[in-house]
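A.B. asks: Got a predicted structure here, sequence first:
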Amino acid sequence: LNVALDSSDFSLRAELIADRTIKARPEALNCPVEINEVSPSFLGGWIELFNPDETPWDLSGYRLGLSPRNTSLYAFPAGTVIQGQSFLVIYEEELGEAIPASGVILLTDPAGMLLVDSRNYDSAGATQGSCARFPDGKGPMKVVPEATPGQPNSPPRSYGVVINEIMYHPEAAPGEIESEWIEIWNTGSESLDLSGWAFTRGIDFRFPSGLVLESGAFLVIAKDPARVSSEYGITNVIGPFDSGLKNDEELIILRDNFGNQVDRVHYADDGNWPRAADGNGPSLELVNPGYDNRNGQAWEASTGRGTPGALNSAYRADVAPVIRKVRHSPPVPSSASPVTISCEVNCPTSSISEVLLYWREDGSEDFNVVTLRDDGVSGDRLTGDGIFGAVLGPFPEGTVVCFAIVAKSETGKTRIIPAGWAEDQSVTMLFQVQDDLPFWPDPTYRVVMTQDRIDTLRSRSIWSDELLDATFIAGEEIFYNVGIRYRGRSARYR
């Protein structure tokens with residue numbers, strides 16, 4: 001709607017012009033039943049459902065579909081009940097239609113309007129087994145070697161192959177083609193035939209037929225294998241690949257011959273990822289293959305120009321814990337609400353000795369120390385689940401609380417988050433107490449800074465590009481240790 005021909009204002013006003021009554025079944029929103037296993041026609045032809053609840057669920061009239069455009073392929077007969085913690089198998093003879101090698105399965109309410117569950121699956125590369133979730137009702141569909149209709153699912157094959165080293169931004173002269181490569185390591189006890197394996201994200205590369213990776217062996221996949229072989233004096237190099245790795249961040253996915261994901265790494269040049277690997281010569285090296293290599297804390301920059309085809313220079317048999325999923329809750333507490341601080345801590349080489357929370361109110365010199373506990377009653381979830389928590393406060397309105405977390409292993413290895421706190425204790429995670437919260441459905445964006453950094457931002461030159469430490473909150477999402485400055489040079493004239 002424009003108020004005048006020369007007006008630049010523009011708004012849209014919704015108007016109801018028709019309505020239709022949909023006879024959906026609202027109780028279907030609480031249906032716990034999930035699609036759990038799929039056997040396409042060429043492997044047997046059936047679909048398995050799983051009820052993870054303790055109580056039975058009446059599926060009378062509920063529908064199965066093989067396409068979002070057709071959710072009414074099959075309606076369960078009246079009286080169909082799936083018992084608690086039980087399975088129900090529907091064969092393709094009952095469906096009346098073949099189950100394709102790949103696609104999507106949908107479970108809806110009797111009206112076909114409310115989606116109860118849907119699962120994508122792909123068994124095109126399989127010669128046996130089925131597509132299944134493991135454990136039952138959890139995780140994505142993967143090809144498993146043994147079909148288990150009406151029984152607990154078997155696990156997908158585990159290989160022990162990890163993405164172990166990445167040269168994503170090698171040092172290169174202007175105009176020179178960058179010599180990129182990825183190293184994988186077979187940490188398992190068996191040799192592996194890599195026929196049909198492929199990198200499907202990051203680089204586009206399919207392993208040659210008949211290639212065997214011996215137990216304990218390394219293999220380098222290079223953009224220019226002859227160049228890497230010559231520069232590093234190694235022979236265990238294959239390639240080439242045409243696509244290039246991004247210099248800032250990239251998701252790399254390795255899949256087996258069934259299409260199952262074997263490993264994935266989403267590296268970056270910021271956050272807790274080693275910055276020295278971004279065009280300065282070193283590679284990214286996994287410190288220990290037992291780490292979850294999706295986390296930047298598991299990686300270090302190499303010594304020199306990397307160690308392709310050999311044990312990483314950063315490798316250590318005994319490593320520090322990893323601290324993940326740090327969060328304070330609620331994101332914006334009031335002066336009446338306590339604040340829960342929690343995190344996930346694990347270590348592949350040792351048990352956890354203690355997890356400590358260091359906190360202080362902004363303006364105070366000294367930190368208080370509180371033990372984060374994994375006991376199920378300290379703001380964490382369940383005893384022994386690796387989630388550690390503690391409850392603080394309440395605090396007066398307007399209080400900014402600064403905090404850091406230190407985790408120690410039984411062997412004395414230590415991890416600190418944020419890492420910069422070890423050298424500069426003004427670098428912390430933050431939350432702020434506020435009572436006058438706005439009431440609207442859209443998310444509110446907040447920047448929380450210490451008073452010293454606010455004063456610095458206000459008093460320094462607007463031309464400064466130095467980033468000041470802060471916490472950014474967008475609705476329920478929290479981003480610690482972001483950098484804040486005034487916008488780019490063109491915007492500073494405004």
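C.D. replies: Great, that's in hand.

A.B. asks: how much space between the spatially closest residue to T307 that is not a sequence neighbour and R305?
C.D. replies: Nearest residue to T307 in three dimensions, chain neighbours excluded: S313, at 5.2 Å (CB to CB, 6 or more residues apart in numbering). In this view, the C-beta of every residue, glycine as well, is placed from N, C-alpha and C. For S313, the distance to R305 equals 10 Å [CB to CB, to the nearest Å].

A.B. asks: same deal with G188?
C.D. replies: In this view, G188 and R305 are 28 Å apart by CB to CB.

A.B. asks: what's the answer for P225, then?
C.D. replies: To R305, P225 is 16 Å away according to CB to CB.

A.B. asks: Could you check which of the two has the larger neighbour count?
C.D. replies: P225 (18 against 15; other CB atoms under 10 Å).

A.B. asks: right, and the more buried one touches N236 too?
C.D. replies: No - under the criterion of CB atoms under 8 Å, P225 makes no contact with N236, lying 10.0 Å away.

A.B. asks: residue contacts, A336?
C.D. replies: By CB atoms under 8 Å, 6 or more residues apart in numbering, A336 lies in contact with P394.

A.B. asks: And it, which helix or strand is it part of?
C.D. replies: Under DSSP states H and E, no helix or strand contains A336.

A.B. asks: Need the contact partners of stretch 312-323.
C.D. replies: Counting by CB under 8 Å, 6+ apart, 164-165, 285-288, 290-292, 295, 297-304, 306-307, 343-350, 352, 355, 405, 407-409, 411, 413-415, 417 sit against stretch 312-323.

A.B. asks: send the alpha carbons of it over as CSV?
C.D. replies: Extracted in CSV, the C-alpha atoms of stretch 312-323 (Å, rounded to 0.1, in the frame of the first residue of the first chain):
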residue,chain,number,x,y,z
ASN,A,312,51.4,-35.0,12.7
SER,A,313,53.9,-32.7,14.4
ALA,A,314,51.0,-31.7,16.7
TYR,A,315,50.2,-35.3,17.7
ARG,A,316,50.0,-36.1,21.4
ALA,A,317,49.0,-39.3,23.1
ASP,A,318,47.7,-37.5,26.2
VAL,A,319,45.6,-34.5,25.4
ALA,A,320,43.6,-31.8,27.2
PRO,A,321,39.8,-31.9,27.5
VAL,A,322,37.6,-30.2,25.0
ILE,A,323,35.0,-27.7,26.3
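
A.B. asks: Assess the claim that Q432 and P330 are in contact.
C.D. replies: No - with contacts counted by CB under 8 Å, Q432 stays clear of P330, the gap being 11.6 Å.

A.B. asks: more neighbours, these two?
C.D. replies: Neighbour count, other CB under 10 Å: between Q432 and P330, Q432 has more, with 20 against 13.

A.B. asks: Any idea what that one is bridged to?
C.D. replies: With DSSP bridges applied, Q432 shows beta-bridge pairing to V400.

A.B. asks: Now the common contact residues for Q432 and P330.
C.D. replies: Counting by CB under 8 Å, 6+ apart, nothing touches both Q432 and P330.

A.B. asks: Could you count how many residues lie near the residue nearest to T307?
C.D. replies: Other residues near S313 number 16, with proximity taken as other CB under 10 Å.

A.B. asks: helix, strand or coil for it?
C.D. replies: Following DSSP: H, G, I helix; E, B strand; the rest coil, we place S313 in the coil state.

A.B. asks: which secondary structure element contains the most centrally placed residue in the chain?
C.D. replies: The centroid of the chain falls nearest to R294 when counting by CA atoms, centre = their mean (7.5 Å). Using DSSP H and E, no element contains R294; it sits outside every helix and strand.

A.B. asks: Assign A28 to helix, strand or coil.
C.D. replies: helix.

A.B. asks: From N164, how far out is the nearest residue to E300 once chain neighbours are set aside?
C.D. replies: Of all residues not flanking E300 in the chain, A314 sits nearest, at 3.9 Å (CB to CB, 6+ apart). According to CB to CB, A314 stands 10 Å off from N164.

A.B. asks: thinking again about what came up before, got phi/psi on the residue nearest to the centre of the chain?
C.D. replies: Here the main-chain torsion angles of R294 (degrees, to the nearest 10) amount to phi -80, psi -10.

A.B. asks: Surely it is in contact with D263?
C.D. replies: No - look at R294 against D263 with CB under 8 Å: they stay out of range, at 9.1 Å.

A.B. asks: is it true that D375 touches T383?
C.D. replies: Yes - proximity of D375 to T383 meets the contact threshold set by CB under 8 Å, at 5.5 Å.

A.B. asks: can you give me the strands for the stretch 351-494 of the chain?
C.D. replies: For the stretch 351-494 of the chain, the strands defined by DSSP state E, counting those that start in this stretch occupy 352-361, 368-372, 387-392, 400-409, 414-417, 429-432, 445-448, 468-474, 477-484.

A.B. asks: same question, the stretch 51-200 of the chain
C.D. replies: Ranges of strands in the stretch 51-200 of the chain, per DSSP E, counting those that start in this stretch, are 57-58, 63-65, 74-75, 81-82, 86-91, 102-108, 115-122, 130-132, 142-144, 161-167, 181-186, 192-193, 198-201.

A.B. asks: Can you list the strands that the longest one pairs with?
C.D. replies: Here strand 115-122 is paired, per DSSP bridges, with strand 102-108 (antiparallel).

A.B. asks: Any buried residues in stretch 151-170, and which?
C.D. replies: Residues 153-154, 156, 159, 161-170 are the ones in stretch 151-170 that count as buried (16 or more other CB atoms under 10 Å).

A.B. asks: Reformat the residues you listed as TSV; add distance to T108 and pLDDT.
C.D. replies: As requested, the buried residues of stretch 151-170 are exported to TSV (distance: CB to CB, whole Å; pLDDT from 0 to 100):
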residue	distance to T108	pLDDT
N153	23	96
S154	28	93
P156	28	90
Y159	37	92
V161	39	97
V162	40	97
I163	39	98
N164	44	98
E165	46	98
I166	43	98
M167	48	97
Y168	44	96
H169	47	94
P170	51	92
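
A.B. asks: ok, D122 to Y91 distance?
C.D. replies: According to CB to CB, D122 and Y91 sit 21 Å apart.

A.B. asks: who does the spatially closest residue to F479 that is not a sequence neighbour bridge with?
C.D. replies: Distance criterion CB to CB, 6+ apart; nearest residue to F479, sequence neighbours excluded, is F472 at 4.4 Å. In this structure, F472 bridges to V447, F479 when assessed by DSSP bridges.

A.B. asks: got the contact list for F472?
C.D. replies: For F472, the contact set (CB under 8 Å, 6+ apart) comprises Y445, R446, V447, V448, I478, F479, V482.

A.B. asks: and the gap between the nearest residue to E54 once chain neighbours are set aside and L29?
C.D. replies: Leaving aside its sequence neighbours, E54 sits nearest to G84 (CB to CB, 6+ apart; 4.4 Å). Note on G84: its distance to L29, by CB to CB, is 19 Å.

A.B. asks: just P338 next, same as before
C.D. replies: Taking CB to CB, one finds P338 at 32 Å from L29.

A.B. asks: Of the strands of the stretch 51-200 of the chain, give the one that comes closest to P438.
C.D. replies: strand 115-122 (32.8 Å; CB to CB).

A.B. asks: quick one on the thing from earlier: return the residues in contact with the residue nearest to the centre of the chain.
C.D. replies: Each residue near R294 by CB under 8 Å, 6+ apart is listed here: R264, V265, H266.

A.B. asks: per-residue confidence at it?
C.D. replies: In this model, R294 is scored at 89, pLDDT.
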